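**Student:** Sequence first, predicted coordinates after that:
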Amino acid sequence: MGLGEKEEETQQNETPPSSNLRYNSPLVQISLIGLVCFCCPGMFNALSGMGGGGQVDPTAANNANTALYTTFSVFGVLGGGIYNVLGPQLTLFSGCSTYVLYVGAFLYYNHHHSQVFAIIAGAILGVGAGLLWAGQGAIVTSYPDAPRKGTYFSLFWSIFNLGGVIGGFIPFILNYNQSEASSVSDGTYIAFMCFMSVGTVLALSILPPRRVVRPDGTRPSNVKYNSVTKEGMEILKLFLNWKMLMIVPASWASNFFYSYQFNNVNGLMFNLRTRGLNNVFYWGAQMLGSVAIGYVLDFSFASRRTRGFVGIGIVAVLGTAIWGGGLANQLNYTFDNKPVKLDFKDSGNDYAGPFVLYFSYGLLDAMFQSMIYWVIGALADDSETLSRYSGFYKGVQSAGSAVAWQVDTHTTPLLNQLIVNWALTTISYPLLAALVALAVKDGDKIDEEGANGAKPPSAPVFVDESNGTGIELGKSL
């Protein structure tokens, strides 16, 4: 079937499957995309969390990340349309393959100290990450049925961040006896590359939405893949979509704080082996945070909007407390008055407070991003629309990240960085609450407005010639 053609088969409710452990169930497919992200961005996060990409001087990593997130900001937005044209397998495979190249560039940098390869690899990874995360967003927001979107996202986020936990152990173990003056060993980079190669191959196991069957017998989408022209037009409409505009501050903030937390908290306050150990708990906290907020957003109240308001309120209160603790910690040091490096074995009580703060940053990150994905998933139910919404979110997020890494490269005062991060997240909460009030329906009903804010035309009807009944495509979706 060619591009742009509708799948001319009836999408009736099928007999509900007997098991959630089928290969074509949302549970298995969400688990598989979680494993893909465990191997690729999960390991990337573990490396980034070391500060400076594992290097003593963070300049090369900051410049590579700026290139990465610049291209990511473009292909994050375009990624949803590319996903709708190419489908999940080719989109995800192409995206994952770029992670191996990026880590290979830092292996090269360990011996030749030339930033050029790292920056080029970063730019290429930005393209690949845009494809991967647009596909991931479409899958985790559209494959589950509406009552379980928060829970399934928590499952994905937990598996994905287990990659950060395992990835944190790799530099901790392999660099346990390294001096503070050392960068991470070659073996660390090679181990990350092996995991990423496995994830690239595993991406081919993801099924397209038309082949996924939910527990109630429905499928995520009745559309196969669109033309490039249509996708281009639909992507442009996102910039006039009031729902997407209300998500912009949260999108911009959601990765903006990474450069501050990785380089200027973990990187400045702790020695090499302790940074690896801290990352184990940072990404472990992400697993706890996603499960906790997922439960609130799916099970706490009967009303879907009430669950949204309560979830946003919890994240807002917790975020205020954690950033307040970060402010108290940041008043103790600056770039010109750097702290004595802490070690988990030798620093005693001095280590406990900063460790708890860094752990809490991971907890907040997961809850904040899970909340945003839940809101996006509540705005539509089909893979086609949600792939665009998710791509827009990742594009804006990445534009913020590109700016953040350069903010750190130019040694912006640490207190200023913290205040900006705190302000960006705080601005997001009332806007997300307003979006829930205006666009999220109670119960499990999805607002079926299209990407441009207009009601879609009536779905086409195909006649089942065996009994003469008409089937409205998408009725059960």
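**Tutor:** Okay, I see it.
**Student:** where does the stretch 51-200 of the chain dip in pLDDT?
**Tutor:** Residues of the stretch 51-200 of the chain meeting the criterion pLDDT under 70: 51-57, 178-182.
**Student:** Residues contacting stretch 413-429, please?
**Tutor:** 249-250, 252-253, 256-257, 259-260, 264, 312, 315-316, 319-320, 323, 326-327, 330-331, 333-335, 368, 400, 407-408 (C-beta atoms under 8 Å, 6 or more residues apart in numbering). Quick note: C-beta positions are derived from backbone N, CA and C, even for glycine.
**Student:** Pull out the buried members of the residues you listed.
**Tutor:** 249-250, 252-253, 256-257, 259-260, 264, 312, 315-316, 319, 323, 326, 330, 333, 368, 400, 407-408 (16 or more other C-beta atoms under 10 Å).
**Student:** In helices only, show me the residues you listed.
**Tutor:** Of the positions in those, 249-250, 252-253, 259, 312, 315-316, 319, 323, 326, 330, 368, 400, 407-408 sit in helices, assigned by DSSP state H.
**Student:** and the two most separated of the residues you listed?
**Tutor:** 312 and 408 (28.6 Å; C-beta to C-beta).
**Student:** Does residue 146 touch residue 381 like I think?
**Tutor:** Yes. Using C-beta atoms under 8 Å, residue 146 makes contact with residue 381 at a distance of 6.5 Å.
**Student:** Please identify which of these two sits among more neighbours.
**Tutor:** residue 381 (24 against 17; other C-beta atoms under 10 Å).
**Student:** sec struct for the more buried one, please.
**Tutor:** Secondary structure, DSSP: H, G, I helix; E, B strand; the rest coil: residue 381 is coil.
**Student:** just checking, next helix/strand downstream of the helix or strand residue 404 falls within?
**Tutor:** If you go by DSSP states H and E, residue 404 is part of helix 383-409. Downstream of helix 383-409, the first helix or strand assigned by DSSP H and E is helix 414-439.
**Student:** which stretch of helix or strand covers the residue nearest to the spatial centre of the chain?
**Tutor:** With distances taken as C-alpha atoms, centre = their mean, residue 133 lies nearest the centre of the chain, 6.5 Å away. Secondary structure assignment for residue 133, by DSSP H and E: helix 115-142.
**Student:** With residue 21 instead?
**Tutor:** Per DSSP H and E, residue 21 falls between elements, in no helix or strand.
**Student:** ok, it - contacts?
**Tutor:** So residue 21 contacts 27, 28 (C-beta under 8 Å, 6+ apart).
**Student:** where's it relative to residue 319, distance?
**Tutor:** Applying C-beta to C-beta, to the nearest Å, the value for residue 21 to residue 319 is 37 Å.
**Student:** cool, residue 408 as well?
**Tutor:** In this view, residue 408 and residue 319 are 21 Å apart by C-beta to C-beta.
**Student:** Now do stretch 279-299, average pLDDT.
**Tutor:** On average, the pLDDT along stretch 279-299 is 90.
**Student:** hang on, residue 183 is in a strand, isn't it?
**Tutor:** No. Residue 183 is assigned coil when assessed by three-state DSSP, not a strand.
**Student:** from memory it sits against residue 110, does it?
**Tutor:** Yes. Contact criterion C-beta under 8 Å: residue 183 and residue 110 qualify, at 6.1 Å.
**Student:** What is the neighbour count of residue 262?
**Tutor:** Neighbour count for residue 262, taken as other C-beta under 10 Å: 28.
**Student:** Likewise for residue 176?
**Tutor:** Using other C-beta under 10 Å, residue 176 has 11 neighbouring residues.
**Student:** right, and it touches residue 274 too?
**Tutor:** No. Counting by C-beta under 8 Å, residue 176 does not reach residue 274; the two are 10.3 Å apart.
**Student:** how close does residue 363 get to residue 112?
**Tutor:** The gap separating residue 363 from residue 112 is 38 Å, by C-beta to C-beta.
**Student:** Same drill for the two, tell me which one is more crowded.
**Tutor:** The neighbour count for residue 363 versus residue 112, taken as other C-beta under 10 Å, is higher for residue 363 (23 against 9).
**Student:** wait, isn't the more buried one in contact with residue 289?
**Tutor:** Yes. Residue 363 is within contact range of residue 289, at 4.2 Å (criterion: C-beta under 8 Å).
**Student:** what's near enough to touch residue 367?
**Tutor:** Taking C-beta under 8 Å, 6+ apart, we find residue 367 in contact with 289, 290, 292, 293, 314, 315, 318.
**Student:** distance of the residue nearest to the first one when sequence neighbours are not counted from residue 154?
**Tutor:** Leaving aside its sequence neighbours, residue 289 sits nearest to residue 366 (C-beta to C-beta, 6 or more residues apart in numbering; 3.4 Å). Summarising the geometry, the distance separating residue 366 from residue 154, computed by C-beta to C-beta, is 9 Å.
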